[in-house]
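>>> Fold the following and give me the result.
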Amino acid sequence: MGHPSMHSWAHSITPGWMTKTKSLEPHIDEPGYVKEMLQKGENPKELLLEECKPKCTHWKEKLERCEKQLVTIIKINPTKSCLYPFRDYTTCVEACVQPVIHNNLVIE
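Numbers count the residues shown, from 1 in each chain. Below you'll find the model as predicted:
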């Protein structure tokens, strides 16, 4: 596993490395349509994305702030991006969606 302080050290020098954050793991009550759609062979992911997005408004707002600031910053430094705020937002939404789908998959 390594030394306990190794995790914080690696976090500080590794771009994109994230510590586990509860706000990136929202949950929703399972909508009734999930089982029905999966039984019909349909993918409920698009509908679940819409259900989960409101759970991630904190990350969406951070992304929108970054995108507004980027308009000015990119003129000075064209290498800047909003990759990490975008990653945080999509991570939040996916972490909400995936367990709902995964918990309903049937392995034959």
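
>>> could you measure the nearest residue to residue 44 once chain neighbours are set aside against residue 93, distance?
Leaving aside its sequence neighbours, residue 44 sits nearest to residue 37 (CB to CB, 6 or more residues apart in numbering; 4.3 Å). Just so you know, the C-beta spots here come from the backbone N, C-alpha and C atoms, and that holds for glycine as well. Per CB to CB, to the nearest Å, residue 37 is found 18 Å from residue 93.

>>> Those two: who's more crowded?
residue 93 (23 against 18; other CB atoms under 10 Å).

>>> Surely that one is in contact with residue 57?
No: the pair residue 93 and residue 57 does not pass the contact test of CB atoms under 8 Å, sitting 10.8 Å apart.

>>> Look at the residue sitting nearest the centre point of the chain and tell me its secondary structure.
Per CA atoms, centre = their mean, the C-alpha nearest to the average position across the chain is that of residue 91, at 1.4 Å. Following DSSP: H, G, I helix; E, B strand; the rest coil, the label given to residue 91 is helix.

>>> Settle this for me: it is touching residue 63, isn't it.
No: assessed by CB under 8 Å, residue 91 is found out of contact with residue 63, at 11.4 Å.
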